[in-house]
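The following block contains a protein sequence and its predicted model.
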Amino acid sequence: MMSIKRFHEKIYSLLVPDLIRPEKIKDLKDMDIDIIKGIQDYADIIKSSKLKVKKIKDLAKLKIEKAREFAEEHDINPTLIEEWITIAKLIMRADKYRGEIAKKVMLLGIDNAGKTAISKTLTIKYRGNLQAFGQMLKDLLPTKGAVQDRLKVSNVNVMLWDLGGQQQYRKVYLEEPERFFFDTSAVMYVIDIQDEERFDESIDYLERIVKIFHFLKENPYFMVLFHKYDPELEMEPKYQIFIKDLTKRISKILTDANIKFQMRKSSVYNDLTVFNAFTELIRIFANVDVQDTINHILEKHAIITGLDNLVLFDLSGVRVGEYCQSKEISELITALTIQNLQMLVMEDEQVLVEFEGQYFSAVPVYLDGKTIILSSIHGDPSVKEKLSQEVPTELEPWLESLME
């Protein structure tokens, strides 16, 4: 999520360092193409050619195919001329840029990798329509072009860009990177682990994307998903070999580009693998404090259920998160929880205790194979029923990060 000032500075970083900056950035479009860093040795050839390109605004209109033909005729690296055109297009956009209002996460990969299923899974999850999940899997169609979905993951606003992976769309993204790859916070790169014949194609696309980010001076965090790793594949050794080989190849590409990354297995048939990867990605690139996020979720749940306070513990009695009006209440709930820990853990029973005119209750809760304990103090015995209400599932991936 880039401010207008940072956007402008990034553009100037792509231009010659001794440039006398105009009063308004939009005036750059009427300046000579010589202001672009690296173009100086070729500027005279370009300006005197049949391309009729002298100003930045002329270069921005130049068709990629025509530029490639010119590059071949004059023994110029075609990648260079494509980069210069991209810079010119960024300059043309500069005065219209208003800053992103959400973190931009790109869902990338070749066609049939499973990106659309991941996108829909996340959209359904964070818009609270889990009943639609099964129908979604039946109704999936390939993404055509770029599709954007706005999500709110706890307190982080995210704009999820699902870029269709068909060859004709990939060609557009790579030829017009300023439209798609600029101002990216993170990338989920998806590889179909069941499609061995297309591994090389997917790796090639990844390399081209990484080169574009490097040129644009973007440094998004990468989460690489070995997708369609469905539960039954765990017993087939060849997939472990695939993952080992791909991990080695991808690690080299991203490490050489100084890009930080993680790699995970995922499957929409084990949707928590997708949620956990996405939430971890958000936590890292957005600098989200896991503890604060859990506290925020507990606060919302307490307000919905009518509780004055709510504290979450692990099975050792360690406080994992809390929503409390005071430190004293927090400490009291902690003490009462620890006193009743054996009953909660060993007997797996909810506790209700009267204490100095108040009612303390604690209940074991199961989330994604983990047992946690929720505790609260309330003015009447209804605290027991309030605590028994369904725990928000959005806690799951954050607890995964904190308690793994």
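Sure, I can see it. Numbering: from 1, shown residues only.

Need the per-residue pLDDT for Asp27.
Looking at Asp27, its pLDDT stands at 94.

swap that for Asp289, sorry
66.

dump the residue contacts of Thr86.
If you count contacts by Cβ atoms under 8 Å, 6 or more residues apart in numbering, Thr86 has them with Glu176, Pro177, Glu178, Phe215, Leu216. Every residue, glycine included, has its C-beta placed from N, CA and C.

following the helix or strand harbouring it, which helix or strand shows up next?
Element membership for Thr86 (DSSP states H and E) is helix 78-93. Counting by DSSP H and E, the next helix or strand C-terminal to helix 78-93 is strand 103-108.

Mind listing what's buried along the helix or strand following that following strand?
For strand 103-108, the following helix or strand on the C-terminal side (DSSP H and E) is helix 115-126. Neighbour-count burial for helix 115-126, counted by 16 or more other Cβ atoms under 10 Å, picks out Lys115, Thr116, Ala117, Ile118, Ser119, Lys120, Thr121, Leu122, Thr123, Ile124, Lys125, Tyr126.

do the same with stretch 382-399
Neighbour count says stretch 382-399 has Val383, Lys384, Lys386, Leu387, Val391, Glu394, Leu395, Glu396, Pro397, Trp398, Leu399 buried, by 16+ other Cβ under 10 Å.

Let's have those in TSV, adding distance to Val158, pLDDT and secondary structure.
Shown next, in TSV, are those (distance: Cβ to Cβ, whole Å; pLDDT from 0 to 100; DSSP: H, G, I helix; E, B strand; the rest coil):
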residue	distance to Val158	pLDDT	secondary structure
Val383	35	90	helix
Lys384	37	91	helix
Lys386	31	91	helix
Leu387	31	89	helix
Val391	23	82	coil
Glu394	13	78	coil
Leu395	18	80	helix
Glu396	18	75	helix
Pro397	14	71	helix
Trp398	15	73	helix
Leu399	20	72	helix
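
Any chance of the residues you listed in TSV with distance to Arg208 as columns?
Supplementary listing: these in TSV, determined by distance: Cβ to Cβ, whole Å:
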residue	distance to Arg208
Val383	58
Lys384	58
Lys386	54
Leu387	53
Val391	44
Glu394	35
Leu395	38
Glu396	35
Pro397	31
Trp398	34
Leu399	37
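
returning to what we had before: return the subset of the contacts of Thr86 lying in strands.
Counting by DSSP state E, no part of the contacts of Thr86 is found in strands.

among the residues you listed, who's most crowded?
Among the contacts of Thr86, Pro177 has the most neighbours (other Cβ atoms under 10 Å), with 24 neighbours.

Tell me who's in contact with the closest residue to that residue other than its chain neighbours.
Leaving aside its sequence neighbours, Pro177 sits nearest to Ile212 (Cβ to Cβ, 6 or more residues apart in numbering; 4.6 Å). Going by Cβ under 8 Å, 6+ apart, Ile212 touches Leu174, Pro177, Phe181.

Dump those residues into TSV; add pLDDT and distance to Glu23 as well.
Listed next are the contacts of Ile212 as TSV, based on pLDDT from 0 to 100; distance: Cβ to Cβ, whole Å:
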residue	pLDDT	distance to Glu23
Leu174	89	35
Pro177	89	28
Phe181	91	29
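
Mind checking which of those are in helices?
Members of the contacts of Ile212 lying in helices (criterion: DSSP state H): Leu174, Pro177.

Tell me the one of the contacts of Ile212 nearest Pro17?
When the contacts of Ile212 are ranked by distance to Pro17 (Cβ to Cβ), Pro177 comes first, at 23.1 Å.

What's the separation between the closest one and Pro237?
Distance, Pro177 to Pro237, using Cβ to Cβ, to the nearest Å: 39 Å.

what's the angle between the host helix or strand of Ile46 and helix 78-93?
Assigned by DSSP H and E, Ile46 falls within helix 40-48. Using axes from the mean of the first three to the mean of the last three Cα atoms, to 10 degrees, the inter-axis angle of helix 40-48 relative to helix 78-93 is 70 degrees.

Done for today, thanks.
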